[in-house]
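Engineer: okay, here's the prediction I keep looking at, along with the sequence it came from:
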Amino acid sequence: MANPDFPSELGNIPYDEILGAPLNAAVEANAAASETAANFILDVAFEEPDDFAFDATRKPVYVEFSYRKGTVNEQGESTEEEFELQVPLLLLLHVPYFEVDTVEIDFNVKLNSVEKKAESQERKFGGRAGYLPYFTVSGSSKKQEKRQQEIERKYHQKVHIEAGSIEPPEGTSRVMDVLEQTITEKPLDEAEE
């Protein structure tokens, strides 16, 4: 019986699917995470433009706080005034920036070839003799040979993916810096004017 063709067996394994699928999934996960972060920023931190166009100018959403704090007036007297603070909402939130850091793929193939051979023989002979004019002899022989080759295939795949929070892109950091400069604190009586 012919030896198994293990190189051909290994060549028939769809490595592009087995190894490529987890890598493609990681790339798609990174793309989805970036899109989620962009949508979060646009949907939560900026007002919806009137024409709903993606490239329309958007205004940041501000959160206003009022609070009381002690101050010293021009005459040197301690007083308590009410202030208003306007802060861009984006500066108060954590933007969900995630990315897949690591993808580990372990793929093991185990091929075993087992050849089985079974042989059996059976013979029967018989005869008859007697006083009559005939004589009978009978015989039979049976030989069975059975060969079987089995290739056992075992596959094991383990995929380990790690993702984590990352720093915002440079463009987002610059937007945050600009928005930080728009934070205003005014006495409430000035804010109402």
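Structural biologist: Cool, the structure landed.
Engineer: if I've got this straight, residue 70 is in a helix?
Structural biologist: No. Assessed with DSSP: H, G, I helix; E, B strand; the rest coil, residue 70 is strand; it does not lie in a helix.
Engineer: wait, what's in contact with it?
Structural biologist: The neighbours of residue 70, taking Cβ atoms under 8 Å, 6 or more residues apart in numbering as the test, are 78-80. Placement of C-beta: from N, CA and C, glycine included.
Engineer: now do residue 87
Structural biologist: Contact partners of residue 87, counting by Cβ under 8 Å, 6+ apart, are 62-63, 65, 183.
Engineer: so where's the longest helix in the chain?
Structural biologist: Counting residues, the longest helix found in the chain (DSSP state H) is helix 15-40.
Engineer: where do the strands sit along this structure?
Structural biologist: 62-72, 78-88, 98-128, 136-165, 184-187 (DSSP state E).
Engineer: kindly check the end-to-end length of stretch 41-60 for me.
Structural biologist: Length of stretch 41-60, first residue to last, Cα to Cα, to the nearest Å: 10 Å.
Engineer: pull the contacting residues for residue 165.
Structural biologist: By Cβ under 8 Å, 6+ apart, the neighbours of residue 165 are 96-98.
Engineer: buried subset of these?
Structural biologist: Neighbour-count burial (16 or more other Cβ atoms under 10 Å) applied to the contacts of residue 165 gives 97-98.
Engineer: any regions of this structure where pLDDT drops low?
Structural biologist: 1-4, 54, 124-141, 190-193 (pLDDT under 70).
Engineer: let me know the closest of the contacts of residue 165 to residue 189.
Structural biologist: residue 96 (39.3 Å; Cβ to Cβ).
Engineer: could you check how far that closest one is from residue 147?
Structural biologist: 63 Å (Cβ to Cβ, to the nearest Å).
Engineer: try residue 14
Structural biologist: According to Cβ to Cβ, residue 14 stands 31 Å off from residue 147.
Engineer: could you save the strands of the chain as CSV and add columns showing distance to residue 39?
Structural biologist: Output for the strands of the chain, formatted as CSV (distance: least, Cβ to Cβ, whole Å):
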stretch, distance to residue 39
strand 62-72, 20
strand 78-88, 18
strand 98-128, 14
strand 136-165, 17
strand 184-187, 28
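Engineer: out of those, the one nearest residue 33 is which?
Structural biologist: strand 98-128 (4.6 Å).
Engineer: quick check: neighbours of that closest one in the sheet, parallel or antiparallel?
Structural biologist: Within its sheet, strand 98-128 is paired with strand 136-165 (antiparallel), according to DSSP bridges.
Engineer: what's the angle from the partner strand to helix 15-40?
Structural biologist: Angle between the axes of strand 136-165 and helix 15-40 is 30 degrees (criterion: axes from the mean of the first three to the mean of the last three Cα atoms, to 10 degrees).
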